[in-house]
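Participant: Sequence isn't available, so here's the structure alone:
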C-alpha cells in the first residue's frame, strides 16, 4: 500500500462534515424525484481524486473489461484485487462501519454493506462517442442469492470535465417517458441513488468530449442480506421515446443479458471471457 493510501481514506471520510449533514441529506434523499437520490459536492478532495485517476493509466490493459454492445459502450475495471493500493484503501474506507452507519442514516436502509468482491462495480471510463442506455439495475447479486442491491454510489473523478461534453447521469420516471433530473459529471461530486424497478437512469447521449478526454468514475454497490433468495434479475435497458428503430436492438440486448446473468450464476465471473470477444469486434 502506498504511503498516501491511509491519508486518502482519512480525507474521504470527513465525518465532521458528513455526519453533521446526515439529516439534510436524508431529507434530500426522501424528497428527491423521480426516485430517491442525493448529490454531494466535494465528496472527495482534489488529491484523493488525483490518486484514483492514477488507476486509469493502464486503460486498455487486460484488467479492463470492454462493455461494447448495442446499449452500452464503456470500459470498466471490476474486482477488488484488480485495483491498485489507493483504490483498495478507498474501497475499504467506504465499507467501514462508521461510513455504513452514515449511509444508512441518509438512505434509511439498515444493514447496508459493500460488495467487497466487486463482481460488478469498480472503476469506469467513457470517452468520445461512449454511452450507457437508460436502464434499471439488477437487484440480486450474481453469486450471492440472498444479497439484495439497495444503494448505488458514484464518485466522479475527472480532473477536467465540461458540461457541454455531455456525460450527465439522467434520471427518468418509472415509465421511461420523461427525463426528470440530471446529475452533471463534475469532479469530486458523488451521487447516491436507490436500486429498484422504478430507478430508470443512464447516460444515453453519446459523449461529445475531445478525443483523449475521459469521464472517469468509481461505482460501488451496497447490499442488504435477506431472509430468502432474491429473484434473479438483470440490467433491463429502455429505449427513449422516439427511438423506434432502437427498440428491437434493446429487446435483443435484454434477452442476451438474461442469458449472461444465468451464465454468471452457474459458472461464475465470465466478464473477462466476454471482454476478449468484444475486443476482437
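Facilitator: Everything's here; your move. Remember, it's a predicted structure, so these values are computed and weren't measured experimentally. Numbers count the residues shown, from 1 in each chain.

Participant: On the three-state scheme, the residue nearest to residue 22 when sequence neighbours are not counted is what?
Facilitator: Leaving out its chain neighbours, the residue that sits closest to residue 22 by C-beta to C-beta, 6 or more residues apart in numbering is residue 105, at 4.4 Å. Backbone N, C-alpha and C define where each C-beta goes, glycine included. Taken by DSSP: H, G, I helix; E, B strand; the rest coil, the conformation at residue 105 corresponds to helix.

Participant: How many residues are close by residue 233?
Facilitator: 16 (other C-beta atoms under 10 Å).

Participant: Confirm for me that it is in contact with residue 138.
Facilitator: Yes. Proximity of residue 233 to residue 138 meets the contact threshold set by C-beta atoms under 8 Å, at 4.5 Å.

Participant: same for the helix or strand harbouring residue 26, what does it pack against?
Facilitator: Per DSSP states H and E: residue 26 is located in helix 22-31. When contacts are defined as 3 or more C-beta pairs under 8 Å, 6 or more residues apart in numbering; DSSP states H and E, helix 22-31 sits against strand 37-40, helix 97-107.

Participant: who's the spatially most central residue of the chain bridged to?
Facilitator: With distances taken as C-alpha atoms, centre = their mean, residue 219 lies nearest the centre of the chain, 3.4 Å away. Taking DSSP bridges as the rule, residue 219 bridges to residue 122, residue 154.

Participant: Quick one: the helices in the stretch 101-250 of the chain, in order.
Facilitator: Taking DSSP state H, counting those that start in this stretch as the criterion, the stretch 101-250 of the chain contains helices spanning 247-267.

Participant: Can you show me the strands along it?
Facilitator: 113-114, 122-126, 131-136, 147-156, 169-172, 179-183, 190-194, 200-203, 215-225, 236-238 (DSSP state E, counting those that start in this stretch).

Participant: Mind checking these for the one nearest to residue 18?
Facilitator: strand 190-194 (10.2 Å; C-beta to C-beta).

Participant: Centre of the chain to the closest one, how far?
Facilitator: 9 Å (C-alpha atoms, centre = their mean, to the nearest Å).

Participant: Give me the below-cutoff pLDDT ranges for the stretch 101-250 of the chain.
Facilitator: Within the stretch 101-250 of the chain, no stretch has pLDDT under 70.
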